[in-house]
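1. Predicted model, plus sequence, below.
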Amino acid sequence: MNINEELKNILEWVICIIIAVVLGLWIRYYIMTPTQVQSVSMKPTLIESQRLILNRTIRLTHKLPERGDIITFEAPTEDYLTEAEFKESPTARYEEPENKFVHNVLEIGKVSYIKRVIALPGEHVKIQNGKVYINGEELEEDYLSSSVRTEAEGGLLVDFTVPEGTVFAMGDNRAESHDCRAFGCIPQDKIESIVLFRFWPFDKFGKVE
């Protein structure tokens, strides 16, 4: 084998590796990816260390999730909306990352939350006496433990209308969930995925509702 053939073989391997990496990143960003539950905010539906498959085709279809869907989204820059920000718009605030590719695609240094969609654009939300009301009607939440009450938890979003192009989401473990009540509604372009199913532990394998 001469030097030219060796270089050709090396180049072919390099090209194959580059294609594999690009394809892998594309699938992970636009199709699906695994993840592990790392908080208690979705108990009893999701428990710490459980493993999930996330459907990320929402980034291709540009469709909003439906009420009841469990989604992941980029954590807002601000933990709490100020009263002035809330009056301006009850929407979560984000700062532009220094390197969008590293932040959005490689997801290095990026923090994501997992919550359940409660209300959709244009809907009026009111949290009162431990219950959630959508457009004046009490929301049935069979997925919650019977003892769970929904309170403000220090946030301002207890009586408002969901802005267009956003969703309002909360954790099922309402007392231990830092969610849209505090930091505001999530813009569509910050929604990363919808939980498809749980694959670990095996006795909990299946669709998550």
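-> Thanks, I have the structure now.

2. Can you check which helix is longest in this structure?
-> Looking across the chain with DSSP state H, the single longest helix is helix 3-30.

3. Just the buried positions in it, please.
-> Within helix 3-30, the residues that count as buried by 16 or more other C-beta atoms under 10 Å are R28, Y29. Quick note: C-beta positions are derived from backbone N, CA and C, even for glycine.

4. So which elements touch it?
-> Applying 3 or more C-beta pairs under 8 Å, 6 or more residues apart in numbering; DSSP states H and E, one finds that helix 3-30 contacts helix 58-61.

5. Now do the buried residues in the helix or strand following the helix it packs on.
-> Next along the chain after helix 58-61, taking DSSP states H and E as the criterion, comes strand 70-74. Buried residues in strand 70-74, counted by 16+ other C-beta under 10 Å: I70, I71, T72, F73, E74.

6. Identify the bridge partners of the first one.
-> Okay, so that is I70. I70 has these beta-bridge partners by DSSP bridges: R116.

7. who's in contact with it?
-> By C-beta atoms under 8 Å, 6 or more residues apart in numbering, the contact set of I70 is M42, T45, L46, I114, K115, R116, V117, I194, V195, V208.

8. go again using 10 Å as the cut-off
-> For I70, the contact set (C-beta atoms under 10 Å, 6 or more residues apart in numbering) comprises 42, 45-46, 52, 54, 114-117, 143, 169, 171-172, 193-196, 208-209.

9. ditto for the last one
-> Neighbouring residues of E74 by C-beta under 10 Å, 6+ apart: 92, 94, 97, 103-104, 107, 110-113, 186-187, 189-192.

10. repeat that for 6 Å
-> Counting by C-beta atoms under 6 Å, 6 or more residues apart in numbering, E74 makes contact with S112, K190.

11. quick one on the thing from earlier: could you give the mean pLDDT of the longest helix of the chain?
-> Mean per-residue pLDDT for helix 3-30: 90.

12. Next secondary structure after that helix?
-> strand 32-36.

13. Can you list the strands that the lengthiest strand in the chain pairs with?
-> Taking DSSP state E as the assignment, the strand of the chain that covers the most residues is strand 191-200. Within its sheet, strand 191-200 is paired with strand 51-55 (antiparallel), strand 70-74 (antiparallel), strand 206-207 (antiparallel), according to DSSP bridges.

14. could you redo these as CSV and give each row distance to T35?
-> Converted to CSV, the strands paired with strand 191-200 look like this (distance: least, C-beta to C-beta, whole Å):
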stretch, distance to T35
strand 51-55, 5
strand 70-74, 7
strand 206-207, 16
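
15. what would the ones you listed look like in CSV with distance to Y80 and mean pLDDT?
-> Converted to CSV, those look like this (distance: least, C-beta to C-beta, whole Å; pLDDT from 0 to 100):
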stretch, distance to Y80, mean pLDDT
strand 51-55, 27, 97
strand 70-74, 17, 98
strand 206-207, 34, 93
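
16. right, so of the ones you listed, which gets closest to E6?
-> For the strands paired with strand 191-200, the distance to E6 is smallest for strand 51-55, at 41.6 Å, taking C-beta to C-beta.

17. Alpha carbons only: can I get the closest one in CSV?
-> Provided in CSV are the C-alpha atoms of strand 51-55 (Å, rounded to 0.1, in the frame of the first residue of the first chain):
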residue,chain,number,x,y,z
ARG,A,51,-35.0,7.0,32.5
LEU,A,52,-37.1,8.4,29.7
ILE,A,53,-37.1,8.7,25.9
LEU,A,54,-37.9,12.3,24.7
ASN,A,55,-39.6,13.0,21.4
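
18. All set, thanks.
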